[in-house]
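A.B. asks: here is my input, please return the structure:
(one chain, ligands or ions: 1)
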Amino acid sequence: MQRLILASSSPRRRELLENLHLTFEISSSNVDESFSPDLTPEEAVKELASRKASFVAKKEPNAFVIGSDTVVVHNGDILGKPNDREEALYMLKKLSGQTHSVFTGVSIISPEREIQFYEKTDVVFWELSHEEMDAYISSGEPFDKAGGYGIQGFGSFLVREIKGDYFSVVGLPVARTVRELRHAGYVLPY
Ligand SMILES: Cc1cn([C@H]2C[C@H](O)[C@@H](COP(=O)(O)OP(=O)(O)OP(=O)(O)O)O2)c(=O)[nH]c1=O
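C.D. replies: Below you'll find the model as predicted:
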């Protein structure tokens, strides 16, 4: 019997994987999320996804483990999660009226091998007024999210257009993930 483990403490990633009708367990991974500034965003998200999956795979060598990491990139700057109101405001001002890219990296570690990939989605924001940014920050939503917003929640009012996988913006490119799981040798029920 194959076991599948999601190496994440993100409730959004859990919900996205639940949509796929797969049986899986959750194990959060406590890893250092810093990375070298020499890495490109695609390298950085794959590296962090791999660190998260490896943390769990070391304890569970017979399971299939999925790790994932998301960052927002605007004009070459990589934006992680804002630590306070000021940082959240800085990010929203930067993204207002502009196009940015969301990179989500995924690592699948099977008993035999590791598969890494990433998805890039471009997101266009409406021009935001000070009142809108203020209300959004006061909702508390920016703080546990890369780039300081969540497309799936209240933050949906910020978004004008997207090009790419919506689910990757939320934290896990699910369609690509099932396909890569199959490549890794995981037997899907469909
Ligand atoms: C841009 C964007 C990000 N996010 C979230 C996805 C990720 O949970 C988070 C980025 O942080 P991550 O470090 O990728 O993930 P995490 O710390 O939340 O969870 P874990 O490492 O345990 O798997 O930002 C949204 O929920 N909606 C969005 O629109």
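
A.B. asks: for the closest residue to L172 other than its chain neighbours, give me its contacts.
C.D. replies: Closest residue in space to L172, ignoring its immediate chain neighbours: L16 at 4.5 Å, by CB to CB, 6 or more residues apart in numbering. Just so you know, the C-beta spots here come from the backbone N, C-alpha and C atoms, and that holds for glycine as well. Counting by CB atoms under 8 Å, 6 or more residues apart in numbering, L16 touches 167, 170-172, 174.

A.B. asks: the ligand contacts on the protein?
C.D. replies: 8-10, 12-13, 28, 52, 68-70, 72, 81, 102, 144-147, 149-152, 169-171 (CB under 6 Å from any ligand atom).

A.B. asks: go again with 5 Å.
C.D. replies: Residues of the chain found near the ligand (CB under 5 Å from any ligand atom) are 8-10, 12, 69-70, 145-147, 150-151, 169-171.

A.B. asks: how near is the residue nearest to L172 to Q98?
C.D. replies: 26 Å (CB to CB, to the nearest Å).

A.B. asks: for the longest helix anywhere in the chain, packing partners?
C.D. replies: Determined from DSSP state H, the single longest helix within the chain is helix 41-59. If you count contacts as 3 or more CB pairs under 8 Å, 6 or more residues apart in numbering; DSSP states H and E, helix 41-59 packs onto strand 64-74, strand 99-109, strand 114-125.

A.B. asks: ok, back up a step: give me the subset of the residues of the chain next to the ligand lying in helices.
C.D. replies: Using DSSP H, the members of these that fall in helices are 12, 169-170.

A.B. asks: relative to N30, how far out is the residue nearest to L172?
C.D. replies: 21 Å.

A.B. asks: again, but for P173
C.D. replies: Distance from P173 to N30, by CB to CB: 24 Å.

A.B. asks: in stretch 83-96, what's buried?
C.D. replies: For stretch 83-96, burial by neighbour count (16 or more other CB atoms under 10 Å) applies to 87-89, 91-92, 94-96.
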